[in-house]
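>>> Sequence and predicted model, in that order:
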Amino acid sequence: MKNSNIALIDYVTGLGDDSLILGQRLSEWCSNGPFLEEDLALANVALDFLGRAQMFYDYAAELHNASSSAEPITADDIAYLRDAREYKNTLIHELPIGDFAYTMARQFLIDCFGFQLMTELCKSADKSLAGIAAKAIKECRYHLRRSNDWVLRLGDGTGESHERVQNAFDQLWGYTGELFEMTDSETELLTENISVDKAQLKDAWLKQVKDTLTEATLDLPSDEWAISGGRAGIHTEHLGQILAELQYLQRAYPGLNW
Amino acid sequence: MNNISSNMYDDTGRIWSLLDQITDPEIPVISIRELGILQDIRVEKNTLVVVITPTYSGCPAMREIRQDIAKLLADEGYQNVLVETQLAPAWTTDWITPEGAKKLHDYGIAPPQPRGEGKICCPLCGSNNTQLISEFGSTACKALYKCTSCLEPFDYFKCI
């Protein structure tokens, strides 16, 4: 396999992993939402992320099959048959859902980032990646509109909602730095204008987060600590638990079909 | 085209009208052509290629639509069929045909309005005194609204 292909598969798979793991997390709210409309909304957002994972994995499988003479693989193999160490999602996506404020705070931080990332990825020299991004960006826009609204409502709501959402941001903040870290694959692909230079996204992201938090009467957390490792396959204890549930059926009954 | 016995594959006009019978599983009054999901029909190396595009990336109806297409064409005698999914250019509500938009309205779903252009009218009583209840309705492509005149809730097909 060519080196650039290895880097591209790694990159595409990581983007798929972020989407799948967050989609799986969000789907935990299904039938547990605070009220019916919100239950539907969370399930719909989860579905968008699962769909995005499917697009990235389909493309990763296509790249893999084109450059390998081994048995062809499918998107499902990528999702269901890898262990935690092979998953490359950044850590913020795998953290437990917490309370509703925590879920929406995380969603807001990720939606802000996703909007910036997909806007740039639309310009990728890789036509397939640009196509997926052009599809995803439309969904990012209304995801962000909604999570932004919720941060405002919770922050500028009751004393309790304010406290909960502030705690959520404080707990999540140390995981946001990892979103902007470049892997070796991403740096390599940047020379061909395939990947996105994420360092360039940080200022716009921070401004958007700051503006919303200020309007929501919330404090921007301080950079006291930061943790990363997801892209290298070093995860929190939570990922294994997610995979145990997500992969159960395929692991127990290999090759089972719908 | 040597292996194909008749020229039925060349008559793409007939295939377009055949596939116009296939409706969205969630909104059974509108066809996949009227929704802009059906993008292209062409013949390539003895195979009939039907190109479709998803409305939303996670749209669970796509699998069913693919199966419906394959089944209908097989029933009509088309053996070599490939249903291809195309992502770019990304689907937009602008591709819903005017007759499709009318069918949505008559079914009780407010059709998409270009952003900033007028209020969303209640498909039941026609009033434009409506308000958003939730950005998400019964499916990813719809939002939930309420009419403040007739008080009925209704789905609005989101504009993307």
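That came through fine.

>>> ok, the closest residue to chain A within chain B - how many residues close by?
Relative to chain A, the nearest point of chain B is residue B:58 (2.7 Å; C-beta to the nearest C-beta). In short, each C-beta sits where N, CA and C put it, glycine included. Residues near residue B:58, counting by other C-beta atoms under 10 Å in any protein chain shown, number 23.

>>> Could you pull up the residues touching it?
Residues near residue B:58 by C-beta atoms under 8 Å, 6 or more residues apart in numbering or on different chains: A:23, A:46, A:47, A:48, A:49, A:50, A:51, A:52, A:54, B:140.

>>> Can you list the residue ranges for helices in chain B?
B:12-19, B:32-35, B:61-75, B:98-107 (DSSP state H).

>>> between the longest one and helix B:12-19, how many degrees?
To tie it back to what came earlier, the one meant is helix B:61-75. Put simply, helix B:61-75 runs at 120 degrees to helix B:12-19, going by axes from the mean of the first three to the mean of the last three C-alpha atoms, to 10 degrees.

>>> give the contact list for the closest residue to chain B within the stretch 1-150 of chain A.
Going by C-beta to the nearest C-beta, chain B is nearest to residue A:51 of the stretch 1-150 of chain A, at 2.7 Å. Each residue near residue A:51 by C-beta under 8 Å, 6+ apart is listed here: B:54, B:56, B:57, B:58, B:59.

>>> try 6 Å this time
Applying C-beta atoms under 6 Å, 6 or more residues apart in numbering or on different chains to residue A:51 gives the contacts B:57, B:58.

>>> got it, and residue A:228?
Residue A:228 makes contact with A:178, A:181, according to C-beta under 6 Å, 6+ apart.

>>> What strand or helix carries it?
Using DSSP states H and E, residue A:228 sits in no helix or strand.

>>> And it, how far from chain B?
27 Å (C-beta to the nearest C-beta, to the nearest Å).

>>> So for that residue, what's the pLDDT?
On the pLDDT scale, residue A:228 is placed at 96.

>>> Could I get the pLDDT score of the residue of chain B closest to chain A?
So, for residue B:58, pLDDT stands at 83.

>>> quick one on the thing from earlier: tell me the most buried of the helices of chain B?
Mean neighbour count (mean count of other C-beta atoms under 10 Å in any protein chain shown) peaks for helix B:32-35 among those, with a mean of 23.

>>> Which residues does that helix contact?
Under C-beta under 6 Å, 6+ apart, the answer for helix B:32-35 is B:20, B:22, B:24, B:38, B:65, B:96, B:97, B:100.

>>> Using PDB, write out the CA atom coordinates for that helix.
Coordinates of the C-alpha atoms in helix B:32-35 are reproduced here as PDB (Å, rounded to 0.1, in the frame of the first residue of the first chain):
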ATOM      1  CA  ILE B  32     -38.200  10.100  -5.300                       C
ATOM      2  CA  ARG B  33     -38.100  12.000  -8.600                       C
ATOM      3  CA  GLU B  34     -40.200  14.800  -7.200                       C
ATOM      4  CA  LEU B  35     -38.000  14.900  -4.100                       C
END
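
>>> Can you name every helix or strand that the helix or strand containing residue A:115 contacts?
Taking DSSP H and E as the definition, one finds residue A:115 inside helix A:100-121. Using 3 or more C-beta pairs under 6 Å, 6 or more residues apart in numbering or on different chains; DSSP states H and E, the elements in contact with helix A:100-121 are helix A:127-155, helix A:159-172, helix A:202-215.

>>> would you list these in JSON lines and tack on mean neighbour count?
What follows is these, written out as JSON lines (neighbours: other C-beta atoms under 10 Å in any protein chain shown):
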{"stretch": "helix A:127-155", "mean neighbour count": "21"}
{"stretch": "helix A:159-172", "mean neighbour count": "17"}
{"stretch": "helix A:202-215", "mean neighbour count": "15"}
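
>>> so the helix holding residue A:115 versus helix A:202-215, what angle?
Using the same axes, to 10 degrees: helix A:100-121 against helix A:202-215 is 150 degrees.

>>> so, in contact with chain B or not, stretch A:69-77?
No. Stretch A:69-77 lies apart from chain B when judged by C-beta under 6 Å from any C-beta of the partner chain; the minimum separation is 12.0 Å.

>>> what about that stretch, average pLDDT?
92.

>>> picking that back up, what secondary structure does the residue of the stretch 1-150 of chain A closest to chain B sit in?
helix (DSSP: H, G, I helix; E, B strand; the rest coil).
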